[in-house]
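Asker: can't give you the sequence, but here's the structure:
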């Protein structure tokens, strides 16, 4: 898949992910998530890391060529890009892709891993390196950050796999102490991105052909936002038991420094023990917007924030894409992608 960055909304949207096909995905996911719904059919086989990575690379080739038709055929109406606090849908992503011209000299991926959300939804994680730049409608060329840690959420659509979300964080090689300077250096390319992307964001509404159902947060938004806000409070209180009860065993997390954390125990330990925080007295989660990937999987985006500091760095706003899966009657956090705002 094409190596994009949070800083370049288009690249992030187009970076080679295919999104989920709505009707077929919903039907399949519903039947697998509810074991009694379709007992006549055996559970579909899980995808392999190699197969999804190969698909991701094909989409990357299409991105490099500016092949909007390929993306139109492979991106679902449920596609979501969430970069620097701006949420884009399929129509906006296709428009941005068509407006950008990219010069891609090389692309490569490595260290691919697969994390399960449910039987029909998986997250592909890999390290991406590229030598590429893109020029937007304003005529300005911008280098694509490299290396990055990329995450693509794939869903089953009949007998195919398509992606419903993709984003990438620059990988920050921070020393044991003084991580903030390293963050500042790595984030410089993204700091210029808002100047480039603002014209496209302003243009998007006029050309938006997204179905009405995508125009507003779905009915689960308030409930998921409440749970997510409680998670921020659990982080403040270092409440491991809350996280153990409200996350899945398959929980995984991409942090703002481009690190991947896999497994409930590892993620809970990170948030409640490993991170050294001081002066955290209040937290918040705002701008919540949820949409269904399937009847049992929801994608929630929004801005989380805490005061104080952690690991020697002052806390501030973080843009979060959180995937919740329904287990019984409860919605549990199973994957999160967290990024710093471009400034």
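Answerer: Thanks, I have it. In this text the structure is predicted, and so the values were computed from the model without any measurement.

Asker: So, low pLDDT: which residues of this structure?
Answerer: Low-confidence segments of the chain, defined by pLDDT under 70: 1-43, 173-215, 343.

Asker: let's see 90
Answerer: 1-45, 55, 58-79, 83, 89-102, 135-140, 155-164, 173-216, 342-343 (pLDDT under 90).

Asker: in it, which spans are helices?
Answerer: Remark: helices assigned in the chain by DSSP state H are 9-14, 22-33, 49-65, 68-74, 90-99, 179-191, 193-207, 221-237, 240-246, 264-269.

Asker: which parts of the last one are buried?
Answerer: Spelled out, it's helix 264-269. Within helix 264-269, the residues that qualify as buried are 264, 267-268, counting by 16 or more other C-beta atoms under 10 Å. C-betas here are computed from N, CA, C, even on glycine.

Asker: Columns distance to residue 226 on top of those, output as CSV?
Answerer: Formatted as CSV, these follow (distance: C-beta to C-beta, whole Å):
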residue, distance to residue 226
264, 21
267, 21
268, 20
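
Asker: and of these, the nearest to residue 77?
Answerer: residue 267 (30.9 Å; C-beta to C-beta).

Asker: Now do the same contact list for that closest one.
Answerer: 243, 247, 251-253, 261 (C-beta atoms under 8 Å, 6 or more residues apart in numbering).

Asker: Would you show me how to pick out the buried ones of those in PyMOL?
Answerer: Buried subset of the contacts of residue 267, written as a PyMOL selection, criterion 16+ other C-beta under 10 Å:
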select buried, resi 243+247+251+252+253+261
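
Asker: and which of the contacts of residue 267 is nearest residue 235?
Answerer: residue 243 (8.3 Å).

Asker: That closest one and residue 123: what is the separation?
Answerer: 19 Å (C-beta to C-beta, to the nearest Å).

Asker: Can you give me the domain assignment for the chain?
Answerer: As recorded under automatic domain parsing, the domains making up the chain are 9-214, 221-339.

Asker: re the thing from before, in JSON lines, list the contacts of residue 267 along with distance to residue 54.
Answerer: As requested, the contacts of residue 267 are exported to JSON lines (distance: C-beta to C-beta, whole Å):
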{"residue": "243", "distance to residue 54": "34"}
{"residue": "247", "distance to residue 54": "30"}
{"residue": "251", "distance to residue 54": "26"}
{"residue": "252", "distance to residue 54": "21"}
{"residue": "253", "distance to residue 54": "25"}
{"residue": "261", "distance to residue 54": "25"}
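
Asker: among the contacts of residue 267, which are in strands?
Answerer: Residues of the contacts of residue 267 located in strands (DSSP state E): 247, 251-253, 261.

Asker: Would you reformat these as CSV and include distance to residue 139?
Answerer: Shown next, in CSV, are the ones in strands among the contacts of residue 267 (distance: C-beta to C-beta, whole Å):
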residue, distance to residue 139
247, 45
251, 43
252, 39
253, 38
261, 40
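
Asker: So which of those is the closest to residue 135?
Answerer: Proximity of those to residue 135 (C-beta to C-beta) peaks at residue 253, which lies at 33.5 Å.

Asker: mind checking the longest strand of this structure?
Answerer: Secondary structure of the chain per DSSP E: the longest strand is strand 101-118.

Asker: Who are the packing partners of that strand?
Answerer: Other elements packing on strand 101-118 under the criterion 3 or more C-beta pairs under 8 Å, 6 or more residues apart in numbering; DSSP states H and E are helix 22-33, helix 49-65, strand 121-135, strand 247-254, strand 260-262, strand 318-327, strand 330-339.

Asker: hmm, who's touching the fifth one?
Answerer: Residues lying outside strand 260-262 but in contact with it, judged by C-beta under 8 Å, 6+ apart, are 113, 115, 125, 149, 252-255, 267, 270.

Asker: at 6 Å what do you get?
Answerer: Here strand 260-262 makes contact (C-beta atoms under 6 Å, 6 or more residues apart in numbering) with 125, 252-254, 267, 270.

Asker: cool, stretch 112-129 as well?
Answerer: Here stretch 112-129 makes contact (C-beta under 6 Å, 6+ apart) with 3, 28-29, 32-33, 43, 47, 49, 52-53, 108-111, 146-148, 150-156, 250, 252, 260, 297, 323, 325, 334-335.

Asker: which of these count as buried?
Answerer: Buried members of the contacts of stretch 112-129, scored by 16+ other C-beta under 10 Å, are 3, 28-29, 32-33, 47, 52-53, 109, 146-148, 150-156, 250, 252, 260, 297, 323, 325, 334-335.

Asker: Verify the stated contact: residue 150 with residue 167.
Answerer: No - assessed by C-beta atoms under 6 Å, residue 150 is found out of contact with residue 167, at 7.6 Å.

Asker: how about residue 78, phi and psi?
Answerer: Residue 78 has phi and psi values of phi -90, psi 0 when expressed as degrees, to the nearest 10.
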